[in-house]
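Trainee: only the shape, not the letters, is given here:
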């Protein structure tokens, strides 16, 4: 793994006092590495923007510290940190041209006008807007303004670029285009990007690693595939994509390892190496696309039985709602192709097959 660029160590942040005290961050520790696209993901109020503002120097930690390449940042004001920020509002100067918007910050750092203009032209090439340097921001589209804000932030070559939900004001099509653009810029510049969003698709599409946050804490940090396929908490499994949740008892598997007993002889084997002191009433999740259904009379391992209550055809796949015996409803999403799904309809008794490697035991 690359060197650590940003390290948050036991960071807490509170606002107010007494009965009005609010804990925005609660003993958060995380390392962010050189040349990675790191995303802080979570719902509104989870603390992700507060942590971003602490890194940028716009807020001061109530406890703990933020390090940049091993050096404490706590007492450094924002303008003395080799860190730039792109906010939700692009904050371009309306009375300056596009090129002047980019050179403004460089000239404030005592870079000569000729060098600043040369650097601005490099940045305009990088964001593929070289022909727009002499225009005013009002003559640009929202997506173009967003790219100019990025060019301005990247021009001083910061060690870290902070992005506070910069795509939220764009329409869906442009937002998806800018996801590709952001990842390209991060890869080409080699600058560490720290991105804040509540949009799970954005996080999965762009990130090298994701930190999922809730109520001022980081619940899980990992690569997108790990976060999606191997969630550790119910909140993570529920917030990222669709999940089915079941409850059962943790028991020994028939060939070693563990299994989940759902009562009445229904046992599902696990591939996961479970380390838990809790044996009764554990919470498990499984993604709808990892399930499949078969005729209830067909004997298969790792299968629970139930009744189809709803069928929805989506062209590429079919979604089934199955009321499992003793467990309640689950969603099964199966790809169409050979017509095998057509035999199941509302009221049919079916078996729901659960691959051991797709089942996750969760922290409640």
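Mentor: On my side now, so go ahead. Keep in mind the model is a prediction, meaning the values are calculated, not measured. Residues are numbered from 1 along each chain as shown.
Trainee: buried residues, stretch 187-197. List them.
Mentor: 189, 191-197 (16 or more other CB atoms under 10 Å). For glycine as for every other residue, the C-beta is placed from the backbone atoms N, C-alpha and C.
Trainee: what is the rounded mean pLDDT of it?
Mentor: When pLDDT is averaged along stretch 187-197, the result is 94.
Trainee: what does stretch 64-80 give?
Mentor: Rounded mean pLDDT across stretch 64-80 is 91.
Trainee: neighbouring contacts of that stretch?
Mentor: 3-12, 27-29, 54-58, 60-61, 81-83, 85, 159-160 (CB atoms under 8 Å, 6 or more residues apart in numbering).
Trainee: one more time with 10 Å, if that's ok
Mentor: With CB atoms under 10 Å, 6 or more residues apart in numbering as the test, stretch 64-80 has contacts from 3-13, 25, 27-29, 31-32, 34, 51, 53-58, 60-61, 81-85, 105, 108-109, 159-160.
Trainee: how far off centre is that stretch?
Mentor: 25 Å (CA atoms, centre = their mean, to the nearest Å).
Trainee: again with stretch 179-199
Mentor: 13 Å.
Trainee: pull the contacting residues for the residue lying farthest from the centre of the chain.
Mentor: What lies farthest from the middle of the chain is residue 297; by CA atoms, centre = their mean that is 41.0 Å. Residue 297 sits next to 305, 349-351 when contact means CB under 10 Å, 6+ apart.
Trainee: helices - which of the buried residues of stretch 187-197 land there?
Mentor: residue 189 (DSSP state H).
Trainee: just the ones in strands from the buried residues of stretch 187-197, please.
Mentor: 192-197 (DSSP state E).
Trainee: and residue 318, helix, strand or coil?
Mentor: Classification of residue 318 using DSSP: H, G, I helix; E, B strand; the rest coil returns strand.
Trainee: thought it was touching residue 343?
Mentor: No: assessed by CB atoms under 10 Å, residue 318 is found out of contact with residue 343, at 11.2 Å.
Trainee: and the two? which has more neighbours close in?
Mentor: residue 318 (19 against 11; other CB atoms under 10 Å).
Trainee: from residue 334, how far off is the more buried one?
Mentor: Distance from residue 318 to residue 334, counting by CB to CB, to the nearest Å: 6 Å.
Trainee: same check, this time on residue 77
Mentor: In terms of CB to CB, residue 77 sits 56 Å off from residue 334.
Trainee: pick out whichever of those two has more residues nearby.
Mentor: residue 334 (17 against 9).
Trainee: joint contacts of residue 318 and residue 343?
Mentor: In contact with both residue 318 and residue 343: residue 293, using CB under 10 Å, 6+ apart.
Trainee: which residue ranges of the stretch 51-200 of the chain form strands?
Mentor: In the stretch 51-200 of the chain, the strands defined using DSSP state E, counting those that start in this stretch lie at 63-68, 71-72, 83-86, 160-164, 192-197.
Trainee: so which elements touch the fourth one?
Mentor: In this structure, strand 160-164 makes packing contacts with strand 4-15, strand 37-41, helix 48-56, strand 83-86, helix 142-154, helix 172-189, strand 192-197, judged by 3 or more CB pairs under 10 Å, 6 or more residues apart in numbering; DSSP states H and E.
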